[in-house]
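Novice: After the sequence you'll find the predicted model.
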Amino acid sequence: MHCKFCKFSVSIIILLLVIVVLLHVQSRLFENGATAQQDQQNVQIFKVSQQDLDGDNLPELTIIDCAFITEHDQVRIYDKNGDMQAGNSWGNITDFRDDVWIFDVKSDGTAQLIINFISDNEEYIAEIYDDNNEDGRVNYREVEGKIVVQESSSWHVKVVSNRNWQDTNNLSAATFKFTINKYLEDPFSINKDNETITGNIDISDNDGDGIIDYQLQHTEESALGTELNGSYRSMIFTKVTGDLPTPYSQSIFWPLLISIHSYEDYRYFDHTPAIAMNWDSGNIEKIGILGFPIENGYHIYSFLPILKGSINLIDYENPMAYYDIANDKDGWPELQVRFNVAVPNDPYFPDKPYTGKVQTPNIEVNYSWDQNNDDLWDYKINLSTNYLITDVLSYPDFGIQTLSYNEIIPFISNKKWDVAMLVFDGKPTKDSEGMFNRGWRITQGYESGKGYVPSGLNSQYMMGFSDSTPDENYNNIEEFMRGEYNFRYFDIPKIYLSTYDHLLHLYNATSGVWNLGKNKSIRYANTDGDAYLDQWTVEQEGEAIQQVNFNDGIYMFSGNNYVLIKQTTEKQAIFVTQPPGSNAEWNELGRELKINQIFVESTDLLGMLERISGEDMQIFGATINNFRPYSGGFQFDLTLQPNYQVIGPDWLGVIGYAPGSYLVVYESGFQSNYLPLLMQSNINPASGNTQAPIILGGSFMVEQLSPVNLKMEMTTQRDRANSLNSSNSVNLSITNISNQDSEEMKVSLVAICADKSMDVFSEAVRILGSEQKTWPIFWQDLATQDCQLVGKLESNNGELLATNVIDIPATTNQSTLEKRVLDNSFLSERAVPIFGVLGLVGILTGAIWWHNRRSDPGEAIE
Amino acid sequence: MTVNMKQTHGWKASSFLVLLVSLTFLLGAYELLRYAGWWGEPDTAAFTRFTADMQANGSLISANGEIYYNGYGYPALMVWLVTMTGLSVGTLQILGGALLATWVVVPAWLAYHEFTHSQLAATLATLIILIQPEFLFPLLRGSHEKFTRGLMFLALYLLLRSMRDKSSRITGALVVSFYLCAYALISFNNFMAFSFILAIAMALGLMWIYKKWPTKGEKTETPVLSKLILVVLSMLVVAFMFTFYAYPPARYQLYILKYFIDRLAVLTMNAEAPSNPYVVITNGWISRPVYYLVSVANWLLLGTSLLIWLKQGYDWLVKRKDQAADHESLLWALFASMAFLGVCGIALDVSGALGSNMQLRLYPTFAMIAAPLLGTWIAKQKLEGKIVHKTAWVGTSLVIGCVMILSMIKASNEPLFSNYWLYYSSEEQQAVSWAEEKLNKRSVWTGLTGRVLFGYIILNDGKLPSLILTAGYTNEATKNLLISDVERLYAQRIADQIPIKIDSFITYDNGKAQIYHRRPITPYQK
């Protein structure tokens, strides 16, 4: 019995001791925490401790001493619903459902970020507070275990998801809605001046395959009336392959929280959505799907808004698409297509004063591709037309007027474009947005060593505001780049490989330039208006030092006092194709370029010509100038120097000619350009200006070059006589009665009336040999004045080359004019009241003055 | 006897004022009658826009509308008047623009009375200022200037009155009134107010120096002078605060000027519109003699006032006669400071350092001070002999009546003599209405000057057309041109060409106005 009592007593004591020990251990655990542990890749945890804030013996605060930015940071987690567990593994004792997380960089008691987690009816919500007053911290205070944020009245970013944040494996299929309250530099480029703007980011599964595949960023409807100058109102990011986005391995506790980093090291949709935090400034830097660009997919940046429930007409980069045409899945695209869209009455197009007032839409396309798959962009085709895309791409709850991903390349390939350019980059670069900003664009030319924006091509010429194409803004291009263009293209985009220089050129280009650096360049021209470039000019410091021309199957080289004329049957293009839009086309073009690669310096015009097959004629001590084609052939000026020497067949028949300048005219004798030249020697070197030609499929004729001789004539015809509104049709014509082309000159018409001189007309002009040019000019007579119309032709250095004068006598006298002024300014019809009141004014003024006489001046002054 | 004298003076003052007010009303009536309201004046159009936008937005600084950068006072007053009268903004701008000028007479006469201490001299001075065409032109259009000038007169009156009064209570009340008046002036146009206050401050400084100047006669004390200098200087601070803090748009215009010297000159010398005022002489009128004839009032005032000022200066500073009374010395000092600013303005204009017509803007302010100088001198003249006296008055009455007519011809830009036409025809506005309907959002060139464009804005209560109306130079983007009989005549008058191409289409014709469409040259032109 006694023993039984002893055993019971001992058992009770042991039980009590165990309870006491357990309680002690628990309390020690709260105070001292656990040993360091490594839970995430870039978070090192030193200690997890807990505190009971309300004395209920349960923890309400978990403190994690760790390193996620500096060597010693701290995260403080406050429990809101009494479900914080005791323990030392933060993942088990805290949650992202109803806790408040305070991130304290340097563990100095301040907060750089506060996240208030809420869960409600299958929705997981995070309300995020960052620094608002630029002191690098989020001000808050703790009141009875509750956190009160004092930094701002509301959260800055709110995230809502349908999946538990802790279930990281399922985040790739979750939907997300980010709401941005007030400003955020990225993604909306909204700064604090526009801080009333609210932005939204919706991330969802568009095609229903259970994987998030698009992100829509759009501003609130209420922000539509606000001026967001240059800021994007909406963006869409879409991927087209079904790869699974993975959570960031560098997340900081919460799977969505990461630090700022380089976003172009990976592609968008590689990872699940995130919030990138700049811990130095205490600000959120980026949110949503990060990474840039994508290998297969597209995004849209629009200045115009996207509204849910509507089909939206959007502008600007609509779309910006990427294609893995190498099929290498290396994470980097080989084809990038950028559209720059202006819709009717677009508020951002064209330039002032017409901004927002032009009905005409416009599309610019920049089509960049990497031909050798080194991740550097080699070629770019720029295209433009005035066209509105009406195709609608539907998303679950809205639509946009754009092309679907698969329709983009066929659209570009099959459409006839008004304007086309080819740009080649000799020193290619890696750029996440293709080559669009390198060299020329539709909106950007090049002048004085830098890009020239707006070039006036689509904002002026294509809108009808200019009579001429802005060629002057495309006279040069960035160093090491080659550009070719046709501003009246009206064709589908095509390129060709030239037989002469074995380079890819724009089919149907009119002009081009290759800036080789060190003030050296090659200029290209299409002189005969066919589809191929036919003039290559090497320039040093702006001076032509070599030139090659091709016409009617004949190449002509001139440089270093040497002339080479070569006949050939080779076609001008090795092949004509379209810019590659598929793997097969890209491979084929690469193969062709490799097969046809030559190793001749691009400035070695003679070296390239020597590769062309055919018979040639050489003249040492000669130069060719002023080459130009005409409808029946071509002509040029040939200068023979003393001791010139002809080697090979004398097709021109110049052997025996005295040194001097000659006009050489080639008349094509056959329809085909490629028939072999038939040599017929028929030389008469003895005398005479015109020589019997050498017939070679056409015929050359040579005559002495006569000095430029210009004659100006003017006639005028008055439409009605003796009228205030009579006008004159003035015909001003200039004839070059020599066979030599003139230099560029200025033709002008000036009216001199009394002592006033007025510019009526002015134009830069070049008159070719034997050419006559006529200008019809309108001149409204100055009715009351005798005038002289003086036509002038001046050289560029101001020398008067020709002039003509016509007298235009007055048609009426001054009184007739003033009578009409009287009639038109209401004076005649209201003469009585007008003169009456004016007279009354005068009389009253006089009367007041007179009224003053009564005052005695001496008394009046007080 | 004293009572009778006061009554006599009171009756005289009233009769003078009634006559002067009637005259100013007639001037406004003439302006209205001359063009029947078909007036396309740029400042009137601009203030119609400002007023309409302020009314529409219900805010002094409308976020999306046009703002007058130099002050909100005039548009705010117009909004109030529009609400009170029920008139449209455009109608009020035309009607009120001409007729509201009448109000200037009373403060002008009061100020001149303080300057001259004579009803006769004040009346003469008021008449002299009213015959100044440069003073009249801005008064008769729909701009702030009629109120800024009136407020300037009122400020001068209050300042002078406060100097004269012995009671510190009344002086205090007058100074407070001066503050209110000066602030109102600043709110109407801060640049004009700034230069005006600066001129007063300079004048007070000059007067202070003069008071220290040795004299053979008895010296008079002006105890409030130094206090007034402080009051005026503090007003400069108020103007500065208004420009840089109270009314943010005011500083935008200042910041667009690149150099500090430009900003300083704009503030101190009230330069606004960039144009060359000297070209007006040769281009603005049908001939140089006509220009001199219609400007005769300017030359008369300039010449005579300068001679009087020199004589007074000689008497007071060189001969050191009795010290002048405060009102006389202040007038003399104000003349000097206004002339100084004017000379600086001309020097800067001629040097080309600023692209602004400062002397043109400064002249009316200068004339406001020169008029009482001349008025006082005339009032003091006592001619011997009744016949001589009477003949002189008859002669000058006739001359002054004629000068008034000439000045009015100048102030109203009479198209018979002026090359700066401001009127437009109903047919021109009909053509614009057609273009609005048929050429929506396209551009129409409306003439060598902006009269049709400005007329449209006034006629449509500040509304901008849905199409782009341009004027002046043309370029290749100019596709549609409105050519009217008035425009053809104007081109003939100024010996200029109407920029229509020989092969243009006529797309609209109402008999007196046509719209020409330039033949397309590229595929993008239609």
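Specialist: Good, I have the coordinates.

Novice: contacting residues for whichever residue of the stretch 201-350 of chain B sits closest to chain A?
Specialist: Of all residues in the stretch 201-350 of chain B, residue B:286 sits closest to chain A, at 8.6 Å by C-beta to the nearest C-beta. From N, CA and C alone the C-beta is placed, and that goes for glycine too. Neighbouring residues of residue B:286 by C-beta atoms under 8 Å, 6 or more residues apart in numbering or on different chains: B:416-419, B:493.

Novice: List, out of those residues, those positioned next to chain A.
Specialist: B:416, B:493 (C-beta under 8 Å from any C-beta of the partner chain).

Novice: Phi, psi for the residue of the stretch 201-350 of chain B closest to chain A please.
Specialist: phi -70, psi -20 (degrees, to the nearest 10).

Novice: still on that earlier bit, could I get the contacts of residue B:286 as TSV with neighbour count and secondary structure?
Specialist: Formatted as TSV, these follow (neighbours: other C-beta atoms under 10 Å in any protein chain shown; DSSP: H, G, I helix; E, B strand; the rest coil):
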residue	neighbour count	secondary structure
B:416	13	coil
B:417	19	coil
B:418	20	strand
B:419	18	coil
B:493	22	helix
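
Novice: got the contact list for residue B:421?
Specialist: A:825, B:413, B:415, B:449, B:451, B:486, B:490.

Novice: For the residues you listed, which entry has the maximal number of neighbours?
Specialist: residue B:451 (27 neighbours; other C-beta atoms under 10 Å in any protein chain shown).

Novice: Closest residue of chain A to chain B?
Specialist: residue A:846 (3.2 Å).

Novice: Find the helix or strand that that residue is a member of.
Specialist: Assigned by DSSP states H and E, residue A:846 belongs to helix A:831-851.

Novice: just how off-centre is that helix within its chain?
Specialist: 68 Å (C-alpha atoms, centre = their mean, to the nearest Å).

Novice: Show me the shaky parts of the stretch 151-300 of chain B.
Specialist: Low-confidence segments of the stretch 151-300 of chain B, defined by pLDDT under 70, are located at B:217-224, B:252-282.

Novice: now do 50
Specialist: Counting by pLDDT under 50, the stretch 151-300 of chain B has low-confidence residues at B:256, B:258, B:260, B:263, B:267-278.

Novice: Same check on the stretch 201-350 of chain A?
Specialist: Across the stretch 201-350 of chain A (using pLDDT under 50), the flagged ranges come out as A:226.

Novice: What segments of it are strands?
Specialist: Using DSSP state E, counting those that start in this stretch, the strands of the stretch 201-350 of chain A run over A:214-219, A:234-239, A:257-259, A:274-278, A:283-288, A:297-302, A:311-312, A:317-323, A:335-342.

Novice: Can you list the neighbours in contact with the fifth one?
Specialist: Same thing as strand A:283-288. Here strand A:283-288 makes contact (C-beta under 8 Å, 6+ apart) with A:113, A:128, A:130-131, A:156-157, A:159, A:176, A:178, A:180, A:184-187, A:201, A:203, A:215, A:217, A:260, A:263, A:273-278.

Novice: Mind doing that once more with 6 Å?
Specialist: Identification of contacts with strand A:283-288 by C-beta atoms under 6 Å, 6 or more residues apart in numbering or on different chains yields A:130-131, A:157, A:178, A:186, A:201, A:215, A:260, A:273, A:275-278.

Novice: Export the residues you listed as a markdown table, with columns for distance to residue B:397 and neighbour count.
Specialist: Converted to a markdown table, the contacts of strand A:283-288 look like this (distance: C-beta to C-beta, whole Å; neighbours: other C-beta atoms under 10 Å in any protein chain shown):
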| residue | distance to residue B:397 | neighbour count |
| --- | --- | --- |
| A:130 | 82 | 26 |
| A:131 | 79 | 21 |
| A:157 | 82 | 21 |
| A:178 | 84 | 25 |
| A:186 | 79 | 14 |
| A:201 | 83 | 24 |
| A:215 | 86 | 25 |
| A:260 | 86 | 16 |
| A:273 | 90 | 26 |
| A:275 | 87 | 24 |
| A:276 | 87 | 19 |
| A:277 | 87 | 26 |
| A:278 | 83 | 16 |
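
Novice: Tell me which two in these are the farthest apart.
Specialist: Of all pairs drawn from the contacts of strand A:283-288, the greatest distance, 25.5 Å, lies between A:131 and A:215 (C-beta to C-beta).

Novice: picking that back up, so which of the strands of the stretch 201-350 of chain A comes closest to residue B:467?
Specialist: Nearest of these (C-beta to C-beta): strand A:335-342, 19.8 Å.

Novice: so can I have TSV of the contacts of residue B:286 showing pLDDT and distance to residue A:100?
Specialist: Shown next, in TSV, are the contacts of residue B:286 (pLDDT from 0 to 100; distance: C-beta to C-beta, whole Å):
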residue	pLDDT	distance to residue A:100
B:416	91	84
B:417	92	83
B:418	92	77
B:419	91	78
B:493	89	81
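
Novice: Of the contacts of residue B:286, which is the nearest to chain A?
Specialist: The nearest member of the contacts of residue B:286 to chain A, counting by C-beta to the nearest C-beta, is residue B:416 at 6.0 Å.

Novice: how close does that closest one get to residue B:487?
Specialist: Separation of residue B:416 from residue B:487 (C-beta to C-beta, to the nearest Å): 17 Å.

Novice: Surely residue A:81 is in contact with residue A:99?
Specialist: No. If you go by C-beta atoms under 6 Å, residue A:81 and residue A:99 don't touch, sitting 8.4 Å apart.

Novice: In chain B, where is pLDDT below threshold?
Specialist: Along chain B, the model assigns pLDDT under 50 to residues B:1-5, B:256, B:258, B:260, B:263, B:267-278, B:353-356.

Novice: so where do the helices sit in the stretch 301-450 of chain B?
Specialist: Here the stretch 301-450 of chain B has its helices, by DSSP state H, counting those that start in this stretch, at B:326-351, B:358-380, B:386-411, B:426-438.

Novice: got the CA coordinates for the second one in PDB?
Specialist: Looking back up the chat, that one is helix B:358-380. Backbone C-alpha positions of helix B:358-380 (Å, rounded to 0.1, in the frame of the first residue of the first chain) are rendered in PDB as follows:
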ATOM      1  CA  MET B 358       9.500  97.300 -75.800                       C
ATOM      2  CA  GLN B 359       9.400 100.900 -76.800                       C
ATOM      3  CA  LEU B 360       6.000 100.400 -78.400                       C
ATOM      4  CA  ARG B 361       4.700  98.900 -75.100                       C
ATOM      5  CA  LEU B 362       6.300 101.500 -73.000                       C
ATOM      6  CA  TYR B 363       5.100 104.500 -74.900                       C
ATOM      7  CA  PRO B 364       1.500 104.600 -73.600                       C
ATOM      8  CA  THR B 365       2.800 104.400 -70.000                       C
ATOM      9  CA  PHE B 366       5.200 107.300 -70.800                       C
ATOM     10  CA  ALA B 367       2.300 109.200 -72.400                       C
ATOM     11  CA  MET B 368       0.300 108.800 -69.200                       C
ATOM     12  CA  ILE B 369       2.900 110.800 -67.300                       C
ATOM     13  CA  ALA B 370       3.800 113.200 -70.100                       C
ATOM     14  CA  ALA B 371       0.100 114.300 -70.500                       C
ATOM     15  CA  PRO B 372      -0.300 116.000 -67.100                       C
ATOM     16  CA  LEU B 373       3.000 117.800 -67.600                       C
ATOM     17  CA  LEU B 374       1.700 119.300 -70.800                       C
ATOM     18  CA  GLY B 375      -1.700 119.800 -69.400                       C
ATOM     19  CA  THR B 376      -0.400 121.800 -66.400                       C
ATOM     20  CA  TRP B 377       1.700 123.900 -68.600                       C
ATOM     21  CA  ILE B 378      -1.200 124.800 -70.900                       C
ATOM     22  CA  ALA B 379      -3.400 125.500 -67.900                       C
ATOM     23  CA  LYS B 380      -0.900 127.900 -66.500                       C
END
